[in-house]
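predicted model and sequence follow; I will ask about them next.
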Amino acid sequence: MATLTEKAPTARGPRQRFEYRLLPRVTSGPIAANKQVYILHPDFADIIVAEGRSGGSWKSQSAKFGKMCEEGQQIVQIHKIIKPNVPLIFIEERQPFMVLEHALVKPHGSSVYMKWLSNLLQAKPKTVSPSVIS
């Protein structure tokens with residue numbers, strides 16, 4: 001008769017962390033305003049460099065300012081930096097920011113908006129609450 005012996009658990013090393021990867025969108029159409037988005041950068045191929053919230057695009061005009069950006073661009077707020085020291089695509093005279101960290105929204109509610117290419121923004125998928133699953 002065979003006896004079963006239990007193996008002692010083996011210690012594993014820390015899990016590997018992989019970078020988030022997405023490809024740029026084929027179309028340059030705008031994402032709806034106030035949507036959570038992943039932000040890509042042309043210098044870093046398919047790696048997500050930040051997370052943020054989308055704002056107006058070239059299709060939405062402000063009564064006070066008119067068009068805020070050119071076709072194919074969109075306004076975005078940066079809420080979380082994933083890859084540090086990433087240069088901005090558009091540098092404006094009114095805001096002396098050079099890298100994403102400078103444009104990060106502060107906890108006390110500052111509203112810093114940056115221009116970004118629309119095809120480099122990906123809408124974050126909505127999460128499903130646990131009560132819906134069961």
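Perfect, thanks for sending it.

list the buried residues of stretch 24-36.
Residues of stretch 24-36 classed as buried by neighbour count (16 or more other CB atoms under 10 Å): 24-25, 28, 30-31. Every C-beta, even on glycine, is put in place using the N, C-alpha and C of the backbone.

for L40, state which of the residues you listed is nearest.
When those are compared for distance to L40 (CB to CB), P24 comes out closest, at 5.8 Å.

thinking that closest one is in contact with L120, fair?
Yes. Applying CB atoms under 8 Å, one finds P24 in contact with L120, separated by 5.5 Å.

anything in contact with each of those two?
Common neighbours of P24 and L120, counting by CB atoms under 8 Å, 6 or more residues apart in numbering, are L40.

from one end of stretch 35-54 to the other, what's the distance?
Counting by CA to CA, to the nearest Å, the length from the leading to the trailing residue of stretch 35-54 is 5 Å.

what does that stretch contact?
Residues from elsewhere that reach stretch 35-54 (CB under 8 Å, 6+ apart): 19-24, 30-34, 74-83, 86-87, 89, 100, 105, 116-117, 120-124.

all set, thanks.
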